[in-house]
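Novice: pasting the sequence and the predicted coordinates here, then a few questions.
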Amino acid sequence: MRGSSWRRWAAAAVVGGLAAFGAQAAGGASGDPPGGPPAAADPPAGFQRFFPKGHIPGLDKPTYVPAAEARIPPDNWVVGVVVEGQAFAYEIDLLTRSEVVNDAAGGTPFAVVWCPLANSLGVFDRRVDGRELHFEPSGVLMHGAIVMQDRETESFWPLLHERSVYGPLLGKPLARIPGATKARWADWVRDHPKTLAWSLDGRQSLGGNPMVRYQASSLGYRGLDTEDRRLATKETVFGFLREGKAYAAAAPDLEDGRAFAVGAEWVFLHRPRGSNLDEPTSAYHSKAGFAREGEIWVERGSGARFDAVHGRFTGDRTPERLEGFDVFWYVWSLNYPRTVLLGRP
């Protein structure tokens, strides 16, 4: 299939699957997810089966083309990540076809995970207790966000929780691959000219966003809504976890940068002025703190200066990046109802 026919099929496969409840979720009730013997008596609150496992297949043997051969429009958004010195790019619209891509580089197995409903991503090391796992969409959502399932033990791993919450590996954490981000293709390939671009069925881009109507709507998926009215349901936030506590900051509050005291350290969050839904949040943390000198943000401990054009600190020493999630407020607040909302009453 080519052109508009291919795009219509892809959109129907994704949106149609997401819109149809599985038999176990008739009436919106949470079903008991299938799988191996559970390590907990009941599935967590918020588990709902919206489509059968396998409806959106995970991918185990991805293929790539060199950047020079990739047919990706320059302004299209990609998930970019560098693993063991090799840069990879995954066009976001195309990721709605699989949502989970398993791969390895230089001996490091990793999984790229994209949740179109939460508008959020994560890239994880696939090793847990020395065992390599292979992940796929489970067909279950937890408060509107993808829940992965590993094929080896059939444990359940919600994207936003970074650990197994149900099944034989209950409580086991997933390690993030640091530095994974969203970027426009032109920007990513400029900074990583030797990047490999993911190719699915000979295509490196989907040719259209199948989630555009959902993203433009003010409503959550299938009637889901925030119970925390401090922000609108579909407000974009940057959510993160520190020492067992959940924090979030609203995207509009981060334009041109903000520094927040979080426990015994400082967190710096930045989004470009007038940024849209797809712009990533630049996030760093530091014990020394951050200060604004004129128009430039500086990390006090190292003197590193923030480059707002490229979204990173520069200098001989730079602060450590803070891993988190750009995500819709209703999804984050339902998963973490005790979230500390930074910069708001």
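Specialist: Nice, I can see it. Residues are numbered from 1 along each chain as shown.
Novice: so the residue nearest to the spatial centre of the chain is in which element?
Specialist: The centroid of the chain falls nearest to residue 121 when counting by C-alpha atoms, centre = their mean (1.2 Å). Using DSSP states H and E, residue 121 sits in strand 120-125.
Novice: surely residue 55 meets residue 138?
Specialist: No: at 10.3 Å, residue 55 does not count as touching residue 138 under the criterion of C-beta atoms under 8 Å. Heads up, the C-betas are built off the backbone N, CA and C, glycines and all.
Novice: of the two, which one has the most company?
Specialist: Taking other C-beta atoms under 10 Å, residue 55 and residue 138 do not tie; residue 138 has more neighbours (31 against 16).
Novice: look at residue 44 and report its pLDDT.
Specialist: Listed pLDDT for residue 44 reads 86.
Novice: can you pull the contacts of the nearest residue in space to it that is not next to it in sequence?
Specialist: In this structure, residue 44 finds its nearest non-sequential neighbour in residue 165, 5.1 Å apart by C-beta to C-beta, 6 or more residues apart in numbering. By C-beta atoms under 8 Å, 6 or more residues apart in numbering, the contact list for residue 165 reads 40, 44, 142, 156, 157, 158.
Novice: if you set the cut-off to 10 Å instead, what comes out?
Specialist: The neighbours of residue 165, taking C-beta atoms under 10 Å, 6 or more residues apart in numbering as the test, are 39-40, 43-44, 46-47, 142, 147, 155-158, 171-172.
Novice: buried ones among those?
Specialist: Buried residues within the contacts of residue 165, counting neighbours by 16 or more other C-beta atoms under 10 Å: 39, 43, 44, 46, 47, 142, 147, 155, 156, 157, 158, 172.
Novice: touching whatever helix or strand residue 306 lives in from outside, list them.
Specialist: Assigned by DSSP H and E, residue 306 belongs to strand 305-307. Residues from elsewhere that reach strand 305-307 (C-beta under 10 Å, 6+ apart): 257, 268, 270, 282, 284, 290, 292-293, 296-299, 312-315, 318-319.
Novice: ok, 6 Å please
Specialist: Residues outside strand 305-307 that contact it (C-beta atoms under 6 Å, 6 or more residues apart in numbering): 296, 297, 298, 313, 314.
Novice: before we move on, back to that, pull the most distant pair out of the contacts of residue 165.
Specialist: Farthest-apart pair in these is 46 and 172; separation 19.4 Å (C-beta to C-beta).
Novice: how is this protein carved up into domains?
Specialist: For the chain, the structural domains run 3-14+33-199, 226-341, going by automatic domain parsing.
Novice: so which of these is nearest residue 214?
Specialist: Residue 214 sits nearest to domain 3-14+33-199 of all the domains of the chain, at 7.4 Å, using C-beta to C-beta.
Novice: now the helices: where do they sit in the stretch 1-150 of the chain?
Specialist: In the stretch 1-150 of the chain, the helices defined using DSSP state H, counting those that start in this stretch lie at 3-11, 17-19, 92-95.
Novice: ok, the stretch 201-345 of the chain next?
Specialist: Under the criterion DSSP H, counting those that start in this stretch, helices of the stretch 201-345 of the chain are mapped to 212-216, 329-335.
Novice: deepest of those helices, which one?
Specialist: Highest mean neighbour count of these: helix 329-335, a mean of 26 (counted as mean count of other C-beta atoms under 10 Å).
Novice: now that helix, how far from the centre of its chain.
Specialist: The chain centre lies 14 Å from the centre of helix 329-335; the measure is C-alpha atoms, centre = their mean, to the nearest Å.
Novice: just to revisit the earlier point, quickly, which of the helices of the stretch 201-345 of the chain bottoms out on average pLDDT?
Specialist: Among the helices of the stretch 201-345 of the chain, helix 212-216 scores lowest, at a mean of 94.
Novice: and that helix, how far out from the chain middle?
Specialist: Mean-position distance between helix 212-216 and its chain equals 17 Å (C-alpha atoms, centre = their mean).
Novice: equivalent analysis for stretch 247-257, please.
Specialist: Distance, stretch centre to chain centre, for stretch 247-257: 17 Å (C-alpha atoms, centre = their mean).
Novice: buried stuff in that stretch?
Specialist: Residues of stretch 247-257 classed as buried by neighbour count (16+ other C-beta under 10 Å): 247, 248, 249, 250, 251, 253, 254, 257.
Novice: equivalent analysis for stretch 178-198, please.
Specialist: By neighbour count on 16+ other C-beta under 10 Å, the buried set for stretch 178-198 is 180-185, 187-189, 192, 195-198.
Novice: strands - which of those residues land there?
Specialist: Secondary structure from DSSP state E places 181, 182, 183, 184, 196, 197, 198 of the buried residues of stretch 178-198 in strands.
Novice: of these, closest to residue 114?
Specialist: Looking across those and measuring by C-beta to C-beta, the closest to residue 114 is residue 182, at 9.8 Å.
Novice: tell me the contacts of the closest residue to that closest one other than its chain neighbours?
Specialist: Nearest non-adjacent residue to residue 182, counting by C-beta to C-beta, 6+ apart: residue 280, 4.3 Å away. By C-beta under 6 Å, 6+ apart, residue 280 lies in contact with 181, 182, 326.
Novice: dump those to a markdown table, plus pLDDT and distance to residue 235.
Specialist: Formatted as a markdown table, the contacts of residue 280 follow (pLDDT from 0 to 100; distance: C-beta to C-beta, whole Å):
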| residue | pLDDT | distance to residue 235 |
| --- | --- | --- |
| 181 | 96 | 21 |
| 182 | 96 | 18 |
| 326 | 98 | 11 |
